[in-house]
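K.L.:
coords please:
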Amino acid sequence: MLTTHYVPGAPNWLDLGAPDIDAAVAFYTGVFGWTFQSAGPDSGGYGFFQKGGKTVAAVGPLTAEGANPAWTVYFHTSDADATGRAVEQAGGTVRFPAMDVFTAGRMAGFTDSAGAEFAVWQPGDVQGLETVMEPDTMCWVELHTKDVAAAKSFYRSVFSWDYQDMSMGDGMVYTVVSAQGGGEGDDTSHGGIMQLPKENVEAGAGSEWHPYFGVDDCDATFAAATGRGATALMPPSNAPGVGRLALLKDPDGAVFALIKGDPSMT
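P.N.:
Numbers count the residues shown, from 1 in each chain. Presented below is the predicted three-dimensional model:
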């Protein structure tokens with residue numbers, strides 16, 4: 001499970017690249033009840049989504065030419081430069097090299113060997129998100145990929161992740177991802193990997209990471225999102241032993257998911 005006691009390879013930051021910050025803020029504060037705090041006049045429009053005064057995500061303008069609106073998942077690293085070298089050795093590419101963010105930390109952006117974008121955060125003054133695993137905060141991350149085998153090999157090389165494959169029936173397999181470094185017996189799982197269906201790939205779908213936000217009522221939050229212009233990719237559905245899930249695109253096209261956990265799993 002996610003925690004704010006970050007270990008290498010675990011998700012520790014999340015931000016949204018949006019073409020219109022004001023519109024994105026209006027959408028997400030309306031859906032999740034978040035508030036927004038600007039990072040200041042020198043931040044280029046970047047700012048923080050907060051819940052109860054604690055940072056749960058961030059948002060900033062699209063900066064790269066041709067970039068599409070998307071949520072970016074960041075993973076903890078103790079050395080962003082070394083992670084960049086590991087990414088290249090594993091067959092990925094560097095989208096932007098490691099750079100200091102004032103005294104907050106050091107960040108870098110990459111693309112994995114199957115085409116999914118992600119980033120890393122090397123903590124300085126800012127360790128990472130201040131709240132996870134609470135209602136209306138990030139509780140899981142998921143990779144939809146064109147090549148599961150390649151993705152598993154890539155991330156094991158870069159982050160030393162552990163994997164557990166679980167049958168979903170009809171020949172489908174879900175891979176649960178865990179970071180190393182937790183205490184003995186700790187659940188360090190933080191995400192999953194799924195194969196994109198062949199028809200989706202043929203239709204142009206690409207590999208992509210996206211976040212899950214835990215909610216108290218999946219149907220109500222789904223209705224709030226679609227009522228504010230989000231597009232349903234998967235309406236609320238029950239996943240036995242997991243919970244009730246939904247997948248959406250926000251009005252600009254960034255993908256995110258909702259989950260109300262199965263009480264029997266808590």
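K.L.:
switch to C-alpha atoms for all contacts and neighbour counts from now on
P.N.:
Fine.
K.L.:
and the residue lying closest to V255 once chain neighbours are set aside, bridged to which residues?
P.N.:
Leaving aside its sequence neighbours, V255 sits nearest to K249 (CA to CA, 6 or more residues apart in numbering; 4.4 Å). Beta bridges link K249 to T231, V255, judged by DSSP bridges.
K.L.:
Settle this for me: K249 is touching T226, isn't it.
P.N.:
No: at 9.1 Å, K249 does not count as touching T226 under the criterion of CA atoms under 8 Å.
K.L.:
okay, the two: which has more neighbours?
P.N.:
Set K249 next to T226 and count neighbours by other CA atoms under 10 Å: K249 wins out with 20 against 16.
K.L.:
So for the more buried one, what pLDDT did the model give?
P.N.:
You'll see K249 listed with a pLDDT of 98.
K.L.:
Let me see the contact set for it.
P.N.:
K249 makes contact with A230, T231, A232, L233, V255, F256 under the criterion CA atoms under 8 Å, 6 or more residues apart in numbering.
K.L.:
For the residues you listed, which entry has the maximal number of neighbours?
P.N.:
V255 (23 neighbours).
K.L.:
so how far is A10 from that one?
P.N.:
Remark: distance between V255 and A10 (CA to CA, to the nearest Å) = 20 Å.
K.L.:
Quick check, pLDDT for E184.
P.N.:
Taking E184 on its own, its pLDDT is 47.
K.L.:
Same check on M1?
P.N.:
At M1, pLDDT is 84.
K.L.:
Just give me the neighbour total for it.
P.N.:
Neighbours of M1 (other CA under 10 Å): 15.
K.L.:
swap in G40?
P.N.:
For G40, using other CA under 10 Å, the count is 10.
K.L.:
Please export the C-alpha coordinates of stretch 223-234 as PDB.
P.N.:
Coordinates of each C-alpha in stretch 223-234 appear next as PDB, following Å, rounded to 0.1, in the frame of the first residue of the first chain:
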ATOM      1  CA  ALA A 223     -21.200  11.600 -11.600                       C
ATOM      2  CA  ALA A 224     -19.500  14.700 -10.400                       C
ATOM      3  CA  ALA A 225     -16.700  14.300 -12.900                       C
ATOM      4  CA  THR A 226     -18.800  13.500 -15.900                       C
ATOM      5  CA  GLY A 227     -21.100  16.300 -14.900                       C
ATOM      6  CA  ARG A 228     -18.200  18.700 -15.200                       C
ATOM      7  CA  GLY A 229     -17.100  17.500 -18.600                       C
ATOM      8  CA  ALA A 230     -15.100  14.300 -18.000                       C
ATOM      9  CA  THR A 231     -15.400  11.400 -20.400                       C
ATOM     10  CA  ALA A 232     -16.100   7.900 -19.200                       C
ATOM     11  CA  LEU A 233     -13.600   5.300 -20.300                       C
ATOM     12  CA  MET A 234     -15.000   2.700 -17.900                       C
END
